[in-house]
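1. Quick check, what structure comes out for this input:
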Amino acid sequence: MKLKTILTVTLILFVSMTRIGWCGAGEGDTPDAVMLEYFKAAQANDFSATYDLISDKMKDGRTREQYIDDWNNVMKMAQVEIVRFGVTSHEINGDDAIVNAWIEATDIFNVLGIFEKEIDHFVLVDGVWKLDITEVLMEEVTEVPTE
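-> You can find the predicted model right below:
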């Protein structure tokens, strides 16, 4: 009987570990994954998708439609195009996290493109990481940051 219990527990653990290994971390499971998902959606001008990735603080009382209209207007007026982006590091501290990221974009004033570093703050809301605050660093970026 003891052997049967040990085998059952071992089998359960094996199946659980195998499932984790095959599946890996799903999109949105970590703050850096959410940041990349946010960048991809913004690059595609899919502001309905970015709305789902931000906290109520970033929504600032706007409905989905208002948020989408605001961002569509900004992107169109400034002629913004996101060229590339990435995450260099992240740090999780309980229900808060910080992601260091970079983005290359062109706009009406920077037709050749500009690199910006940013610090993105995340909060855990009902078990889901949400972008809460973005700080754009005002320092010169001389090369594309890498992980």
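2. burial of the nearest residue to Y67 once chain neighbours are set aside, as a residue count?
-> Using C-beta to C-beta, 6 or more residues apart in numbering and skipping residues adjacent in sequence, the residue nearest Y67 is Y51, 5.1 Å away. (Glycine included, C-beta is placed from N, CA and C.) By the other C-beta atoms under 10 Å criterion, the neighbourhood of Y51 contains 19 residues.
3. Go ahead and confirm Y51 touches R64.
-> Yes. The criterion here is C-beta atoms under 8 Å, and Y51 meets it with R64 at 5.2 Å.
4. Helix, strand or coil: sort out E37 for me.
-> Look at E37: counting by DSSP: H, G, I helix; E, B strand; the rest coil, its state is helix.
5. Let me know how buried it is, in neighbour terms.
-> E37 is flanked by 18 other residues according to other C-beta under 10 Å.
6. For this protein, which segments are assigned as helices?
-> Along the chain, counting by DSSP state H, helices occupy 2-23, 31-43, 47-51, 56-59, 64-78.
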